[in-house]
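> Next come a sequence and a model predicted from it.
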Amino acid sequence: MSEMIRLTPPLTSEAVSLLKAGDRVLLSGTIYTGRDAAHKRIVETLSRGEQPPFPLAGAVIYYVGPSPAPPGRVIGAAGPTTSYRMDAYAPTLMAQGLKAMIGKGKRGEEVKQAMREHKAVYLAAIGGAGALMARSIKQAEVIAYPELGPEAVRRLVVEDMPLFVVNDVHGGDLYQQGRQAYQR
Amino acid sequence: MSSLRTIDVSQLRDTVAGLCGQADIFLPADVRAAFNKALAAEESPVGREVISRLLENADIAEAESMPICQDCGLAVVFLDLGQDVHLVGGDLTEAINEGVRRGYEQSYLRKSVCHPFTRANTGDNTPAVIHMRVVPGNQVRLWLVPKGGGSENMSKVFLVTPAQGLPGIKDRVIETVEAAGPNPCPPIILGVAVGGTFEEAGIRAKRALLRELGSVNPDPEAAALESELLTLVNNLGIGPAGLGGRTTCLGVFVDIKPCHIASLPCAVNVQCHAARHKEAVL
């Protein structure tokens, strides 16, 4: 297995271009959460020519809707949600400077093409490991759309969040490569 | 014949409330055992690492009273109501919903139910989906299955033709898993209902998920199909978290039933590895 690459947002095109499908990443710093409903609102905001709830240039977005924080904790369980539901919105965000998306599951061809064009990557967290993922989240604050509850946009400060590079800017796809090695 | 027994629906409410936290926080023992077995058998180093992480996740969830997965599910309740039970104290459906409401709030579980069009969250994870049967006896048996959206979205109902037959059924199951790939959080569990009708095949497929992993199907025809489908699905190579490996599926549960001479329904309910199910008897 490959060694861990450390990443800290905001990310540059140069930094993400060095990543290859199959690389393992430890992410530290500030990232933002967003799922279906938040993506819809952000894209609508952009189409009206207004400012999104967080700066998209160099940003990392995590597709997650955490469970409520128990007393004394920063956040509840916080594993990734399935990413294809954000495919309709992802190219628009990448065109505005989004550099990495964290989720689980396959992306559509248009999204993969947009990743190559805009130099952005798709990272996978282990789906269903919500309690484990919460350990790498040190701060969490709702910054937009609080009425969406679990789907509100949160600013997270993370430390050594363990991730896999699934789609790189060169067309590599870990889901395809991984499966080919074990298919019978 | 059992004697008539009176049960207050508030007992059901409190039982459901307790089951919510238990189901979402504690990984079922059968799934943990299946993880340990898969860890020994998995050839892919990344696959082994994913399974180790999932075991670690279960330990953290238990130690910190956190849900295993942030998707604490839509509360599906299977309820077998003894025909010699007299329910008093209010509306049964409302009692179950109130149990879900309390359980999700008390245990800090995510509320994941919304209006289909506006997507406005109902705020309390209700309404639950309730499947009720009337059975002999004077007990109430219920199972809570908090069902996650990611795996549910990969599930399918097929109306296969009789000419396509059993080979057609196998093809549909394999194509369902192949199309789902990494999306439903593999290693998955499959509930497969064959026969019956369009509407109840889906319910039987979900009910099949109540079985313990590693249990043997008493129907030899179904048991043989389970074993064949498990091999075929694991040959796909999708692996833990979809990153490649031998462990795509931990178990297949098949339910076979007669159907109309013109039909061959087949429902495939995909379940993620956070295969939460918790039972109680009153």
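That came in fine, so what should we check first? Numbers count the residues shown, from 1 in each chain, chains lettered A, B, ... in the order given.

> Can you pull the poorly scored residue ranges out of chain A?
Residue ranges of chain A with pLDDT under 70: A:1-2.

> Buried residues, stretch A:112-132. List them.
Neighbour counts over stretch A:112-132 (16 or more other C-beta atoms under 10 Å in any protein chain shown) mark A:112, A:114-115, A:118-132 as buried. Quick note: C-beta positions are derived from backbone N, CA and C, even for glycine.

> do the same with stretch A:143-153
Buried residues in stretch A:143-153 (16+ other C-beta under 10 Å): A:144-145, A:148-153.

> What of stretch B:38-46?
Here stretch B:38-46 shows B:38-39, B:42, B:44, B:46 as buried, counting by 16+ other C-beta under 10 Å.

> does whichever residue of chain B sits closest to chain A sit in a helix, a strand or a coil?
Using C-beta to the nearest C-beta, the single residue of chain B nearest to chain A is B:Gly244, 2.6 Å away. The three-state label given to B:Gly244 by DSSP: H, G, I helix; E, B strand; the rest coil is coil.

> quick one: it and B:Pro45 touch, right?
No. Under the criterion of C-beta atoms under 8 Å, B:Gly244 is not in contact with B:Pro45, lying 10.0 Å apart.

> Helix, strand, or coil at the residue in chain A positioned nearest to chain B?
Distances between chain A and chain B by C-beta to the nearest C-beta are smallest at A:Gly178, namely 2.6 Å. A:Gly178 falls in the helix class when you classify it by three-state DSSP.

> ok, the nearest residue to it once chain neighbours are set aside - how many residues close by?
Excluding the flanking residues, the one nearest A:Gly178 by C-beta to C-beta, 6 or more residues apart in numbering or on different chains is B:Gly244, at 2.6 Å. By the criterion of other C-beta atoms under 10 Å in any protein chain shown, B:Gly244 has 27 neighbours.

> per-residue pLDDT, B:Gly244?
Model confidence at B:Gly244, given as pLDDT, is 97.

> Return the distance of it relative to B:Gly150.
According to C-beta to C-beta, to the nearest Å, B:Gly244 and B:Gly150 sit 19 Å apart.

> same check, this time on B:Asn97
From B:Asn97 to B:Gly150 the distance is 24 Å (C-beta to C-beta).

> Same check on A:Ile31?
21 Å.

> more neighbours, the two?
Between A:Ile31 and B:Gly150, counted using other C-beta under 10 Å, the more crowded position is B:Gly150 (25 against 22).

> what about the closest residue to the more buried one other than its chain neighbours, how many residues close to it?
Using C-beta to C-beta, 6+ apart and skipping residues adjacent in sequence, the residue nearest B:Gly150 is A:Thr82, 4.4 Å away. Residues lying near A:Thr82 (other C-beta under 10 Å) number 25.

> who's in contact with A:Thr82?
A:63, A:103-105, A:127, B:149-150, B:153, B:183-184 (C-beta atoms under 8 Å, 6 or more residues apart in numbering or on different chains).

> If we use 7 Å, what do you get?
Counting by C-beta atoms under 7 Å, 6 or more residues apart in numbering or on different chains, A:Thr82 makes contact with A:103-105, B:150, B:153, B:183.

> Mind giving me the packing neighbours of whichever strand in chain A runs longest?
Longest strand of chain A, by residue count under DSSP state E: strand A:153-167. Judged by 3 or more C-beta pairs under 7 Å, 6 or more residues apart in numbering or on different chains; DSSP states H and E, strand A:153-167 is in contact with strand A:24-33, strand A:121-124, strand A:137-144, helix A:174-182.

> Among these, show me which one is buried the most.
strand A:121-124 (a mean of 26; mean count of other C-beta atoms under 10 Å in any protein chain shown).

> chain center to the next helix or strand after it, what's the gap?
Counting by DSSP states H and E, the next helix or strand C-terminal to strand A:121-124 is helix A:130-134. Distance of helix A:130-134 from the chain centroid (C-alpha atoms, centre = their mean, to the nearest Å) equals 15 Å.

> Equivalent analysis for stretch A:127-146, please.
Stretch A:127-146 sits 12 Å away from the centroid of its parent chain (C-alpha atoms, centre = their mean).

> Can you give me the end-to-end span of that stretch?
25 Å (C-alpha to C-alpha, to the nearest Å).

> for stretch B:127-141, what is the average pLDDT?
pLDDT averaged over stretch B:127-141 gives 98.

> got the contact list for it?
B:2-5, B:7, B:12, B:74-85, B:93, B:96-97, B:100, B:203, B:281-282.

> again, only this time at 6 Å
B:2, B:5, B:75-85, B:96-97, B:100, B:203, B:281-282 (C-beta atoms under 6 Å, 6 or more residues apart in numbering or on different chains).

> In ChimeraX, select just the buried ones from those residues.
For the buried members of the contacts of stretch B:127-141, the matching ChimeraX selection, counting by 16+ other C-beta under 10 Å, is:
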select /B:75,76,77,78,79,80,81,82,85,96,97,100,203
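
> near chain A, which of the contacts of stretch B:127-141 show up?
For chain A, no contacts are drawn from the contacts of stretch B:127-141 by C-beta under 6 Å from any C-beta of the partner chain.

> Now do the buried residues in the lengthiest strand in chain B.
Counting by DSSP E, the longest strand found in chain B is strand B:249-259. By 16+ other C-beta under 10 Å, the buried positions in strand B:249-259 come out as B:249-256, B:259.

> okay, those residues in JSON lines with distance to chain A and pLDDT next?
Below are those laid out as JSON lines (distance: C-beta to the nearest C-beta, whole Å; pLDDT from 0 to 100):
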{"residue": "B:Cys249", "distance to chain A": "13", "pLDDT": "98"}
{"residue": "B:Leu250", "distance to chain A": "12", "pLDDT": "98"}
{"residue": "B:Gly251", "distance to chain A": "16", "pLDDT": "98"}
{"residue": "B:Val252", "distance to chain A": "17", "pLDDT": "98"}
{"residue": "B:Phe253", "distance to chain A": "19", "pLDDT": "98"}
{"residue": "B:Val254", "distance to chain A": "22", "pLDDT": "98"}
{"residue": "B:Asp255", "distance to chain A": "25", "pLDDT": "98"}
{"residue": "B:Ile256", "distance to chain A": "27", "pLDDT": "98"}
{"residue": "B:Cys259", "distance to chain A": "32", "pLDDT": "98"}
